[in-house]
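S.K.: Sequence and predicted structure are below.
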Amino acid sequence: MMSENSLHAGFLRYVAQTSAAPLGLIVERARGARVWDRDGNEYLDLLAGIGVANVGHCNPAVVAAVQAQAARYLHTFVYGEAVEEPQVNLARRLAEIAPGDLSVTYFTNSGTEAVEGALKLARKFTGRAAFVAFRGGYHGDTLGALSLCDNPVYRTPFEPLLADVAFLPFDDTAALERIDDRVAAVLVEPVQGEGGVRIPADDFLPALRRRCSEVGTLLIFDEVMTGFARTGRWFGSEHWDVCPDVMVLAKALGGGLPLGAFVSRPEIMGTLAHDPPLSHVTTFGGHPLSCAAGLAALDYALEQRLDERARRLGAQWLESLAELRGPVLREVRGRGMLLGLDLASPELTRSFCQRAFAHRLILNWTLHRDTVVRLAPPLVITEEESEHALRTIAGVLTEIR
C-alpha cells in the first residue's frame with residue numbers, strides 16, 4: 001500500500017486536476033453517510049458524492065447485486081443489441097415509477113451524456129433546431145450540455161458553442177411567451193441545484209408545460225439531482241404534478257456506479273431507430289454492472305420509503321436551520337433533503353465550508369452561486385447523525401461571525 005504522501009503526490013502528478021486546491025481527502029472506505037480517511041478520521045458526508053449516494057455509500061443490497069452480476073457477465077456487446085437482464089429489469093422498474101406515460105429508457109454513462117442524447121432526440125423528433133434553457137441552470141460540461149448553461153465563466157473559454165440557444169429568467173412565467181414554434185425543446189431543472197437550490201413558484205412549471213404544449217415544443221426535465229426521492233418525491237416534477245416529454249436521470253440512478261438515462265414516450269424515443277437506424281449509440285451505456293446496482297438501489301429506496309423519509313427529515317432540517325438565521329446565514333430553502341444555505345458573502349461561504357471540513361463535515365458551495373452551501377446527505381442518514389450535523393453547522397456559524 002502506498003504511503004499517504006506518495007498517494008497524494010501521485011494524485012497531483014498523474015490525475016488531471018480541475019482546481020488549484022482540490023479537497024485532497026484520501027478515502028479509505030465509506031458506508032452509509034460516513035467516509036473514513038487513511039488515518040481513520042471519520043467524516044459525515046452531507047453531499048452524498050454530489051447527490052449520488054441517496055441509498056448510502058456501499059449500501060449492502062447494492063454491493064450484493066454488483067457482486068452477483070460481476071460473477072455472471074460484464075460488457076458483452078454494444079448497447080441496444082444484446083438482451084441483458086439488468087437493463088430490462090431496471091428499465092421496466094423506471095417505467096413503473098416515472099411520471100405520466102414515460103416508459104422507454106435509453107441508458108447512458110452519465111448525466112451530461114443523457115442531456116446530449118435528449119437534445120439529439122428533441123431535434124430529430126421535432127425537426128427543429130432551437131433550444132431554450134434558464135439562467136442559473138446547470139446541465140453538464142460536454143459541449144452540447146454546456147451550451148444550455150448561461151454562466152460566462154464556464155462558457156467563454158469553449159465558445160463557440162451550439163447556436164440558437166435562448167436563456168430565459170428562471171421562475172418568470174411572463175417570459176415563457178418567448179418560446180415559439182422554432183424551439184425543439186426547453187430544458188429545465190425542477191429545482192435548480194448548482195444555481196443555488198432555487199425553487200420555483202407553484203405556477204411556473206405548470207405554465208411552462210402549457211406553453212410547450214401550445215407550440216409543439218418538447219419539455220425536458222433535468223432530474224439528475226432531483227430524482228430518486230432527493231426532494232421528498234421520486235422525481236422533483238411530482239411536487240407540481242407536471243409531466244415532461246423527456247426526463248433526464250443520473251447520479252443516484254446507479255446506486256454509486258456510473259449510470260445515466262433519458263426516458264420518454266415510445267413514439268418519441270422510436271425516432272432514434274430509423275432514418276438512419278442507430279441514430280444514437282453508445283458502447284458502455286447501461287452497463288450490466290451499473291444497471292444491477294441501479295435496480296438494487298431503486299428497490300431499496302422503494303422498500304424503505306426513502307421519499308417519505310426525505311420529506312420528514314427535510315422538514316426537520318429546514319426548521320432547525322431556519323433558527324440559525326442571522327448576520328451570516330441569510331436564508332434557508334429546500335425541498336426534502338436538497339437544502340440551500342444562503343450566506344452573506346462569498347468570503348463567509350468559503351470560511352464556513354473550510355471550518356465545517358475541519359469539523360469533519362463534507363459539504364461545499366454550489367458551482368454557480370458562491371454564497372449558497374448545498375446540503376444533500378444520503379437519505380439513510382440516521383437521526384443521531386442528523387443531530388450531530390445540525391449541531392456542528394450551528395457551531396461553525398458561530399465560529400465565523
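M.R.: Sure, I can see it. Just so it is clear, the model here is predicted, and its values are computed rather than measured. Numbering: from 1, shown residues only.
S.K.: Correct me if wrong: A394 contacts G326.
M.R.: No. The criterion here is Cβ atoms under 8 Å, and A394 misses it with G326 at 10.8 Å. Just so you know, the C-beta spots here come from the backbone N, C-alpha and C atoms, and that holds for glycine as well.
S.K.: So which of the two has more stuff around it?
M.R.: Neighbour comparison, A394 and G326: the larger count goes to A394, with 15 against 11 (by other Cβ atoms under 10 Å).
S.K.: residues in contact with that one?
M.R.: Listed by Cβ atoms under 8 Å, 6 or more residues apart in numbering, the contact partners of A394 are L324.
S.K.: host element of it?
M.R.: Following DSSP states H and E, the helix or strand that holds A394 is helix 383-399.
S.K.: And that helix, what's buried?
M.R.: Within helix 383-399, the residues scored as buried using 16 or more other Cβ atoms under 10 Å are E385, S386, H388, A389, L390, T392, I393, V396, L397.
S.K.: so which of these would you say is closest to A21?
M.R.: V396 (19.3 Å; Cβ to Cβ).
S.K.: could you dump the buried residues of helix 383-399 to JSON lines with distance to T271?
M.R.: As requested, these are exported to JSON lines (distance: Cβ to Cβ, whole Å):
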{"residue": "E385", "distance to T271": "47"}
{"residue": "S386", "distance to T271": "46"}
{"residue": "H388", "distance to T271": "51"}
{"residue": "A389", "distance to T271": "46"}
{"residue": "L390", "distance to T271": "49"}
{"residue": "T392", "distance to T271": "51"}
{"residue": "I393", "distance to T271": "48"}
{"residue": "V396", "distance to T271": "51"}
{"residue": "L397", "distance to T271": "52"}
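S.K.: my guess is D181 contacts S213, does it?
M.R.: No. Using Cβ under 8 Å, D181 is not in contact with S213, being 12.0 Å away.
S.K.: quick one on the thing from earlier: turn the buried residues of helix 383-399 into a markdown table, columns for pLDDT.
M.R.: Formatted as a markdown table, these follow (pLDDT from 0 to 100):
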| residue | pLDDT |
| --- | --- |
| E385 | 98 |
| S386 | 98 |
| H388 | 98 |
| A389 | 98 |
| L390 | 98 |
| T392 | 98 |
| I393 | 98 |
| V396 | 97 |
| L397 | 97 |
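S.K.: what about the residue nearest to the spatial centre of the chain, which SS state?
M.R.: Computing the C-alpha centroid of the chain and ranking residues by Cα atoms, centre = their mean puts M225 first, at 2.2 Å. Under the three-state scheme (DSSP: H, G, I helix; E, B strand; the rest coil), M225 adopts coil.
S.K.: Please, which helix or strand holds the nearest residue to W240 once chain neighbours are set aside?
M.R.: Closest residue to W240 apart from its sequence neighbours, by Cβ to Cβ, 6 or more residues apart in numbering: L205 at 4.4 Å. Using DSSP H and E, L205 falls within helix 204-215.
S.K.: And the helices in the stretch 201-350 of the chain, which stretches?
M.R.: 204-215, 266-269, 288-303, 306-322, 346-358 (DSSP state H, counting those that start in this stretch).
S.K.: Tell me which of the ones you listed sits most buried.
M.R.: helix 288-303 (a mean of 24; mean count of other Cβ atoms under 10 Å).
S.K.: Please enumerate residues in contact with it?
M.R.: Counting by Cβ under 8 Å, 6+ apart, 54-55, 59, 61-62, 64-66, 68-70, 72-76, 84-87, 89-90, 93-94, 97, 107, 228-229, 252-259, 306-307, 379 sit against helix 288-303.
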